[in-house]
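1. one predicted model, sequence on top.
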Amino acid sequence: MKALMTATVVALAALWAGAALAGGPGGGNQASHMEKLAILLDLTDAQKPQVESILQGAHAQMKALFEQSKAAGGKPDFQALHAARQQIDQDTVTKLSGVLSATQLKKFQTLQQMHGFGHRAGGPGGAPAVTPQQ
């Protein structure tokens, strides 16, 4: 059973990496990226817009954080940026826990960890402990 889970996670990671690379720097493939994420997480039609909204909100927060840092000029405070990113990541997982099943949330967190969507407060490989509500 553990081998099957490991194989599933590796397959999901490969698909996610392909989706991320296909998206490229233009951000023009956001719909395609969301479709691939929906497949990877096995999202229902009801979950898709909720997850998309949560992820778009997190993206907007990260973009604003980056723009603020850039506008401030000078040397960025990487420690403050890291802490803010951790908080955004944790808030995102908390919000998703109200939408995703335990299995879906675990897959999302695995993808998040494998592809560096933020560094967890728990250190390497540690993710915020959040219990899904479904």
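-> Yep, that arrived. These numbers were taken from a predicted model, which means no experiment stands behind them.

2. for residue 52, give me its contacts.
-> residue 34 (CB atoms under 8 Å, 6 or more residues apart in numbering). For the C-beta atoms, the positions are set from N, CA and C on the backbone; glycine is no exception.

3. in the helix or strand where it lies, what's buried?
-> Assigned by DSSP states H and E, residue 52 belongs to helix 47-72. Within helix 47-72, the residues scored as buried using 16 or more other CB atoms under 10 Å are 47-48, 50-52, 54-55, 58, 61-62, 65, 69.

4. quick one: buried residues of the helix or strand containing residue 33?
-> Using DSSP H and E, residue 33 maps to helix 30-41. By 16+ other CB under 10 Å, the buried positions in helix 30-41 come out as 33-34, 36-38, 40-41.

5. tabulate the buried residues of helix 47-72 (a markdown table), appending distance to residue 94.
-> Below are the buried residues of helix 47-72 laid out as a markdown table (distance: CB to CB, whole Å):
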| residue | distance to residue 94 |
| --- | --- |
| 47 | 16 |
| 48 | 19 |
| 50 | 14 |
| 51 | 13 |
| 52 | 17 |
| 54 | 10 |
| 55 | 13 |
| 58 | 11 |
| 61 | 13 |
| 62 | 16 |
| 65 | 18 |
| 69 | 24 |
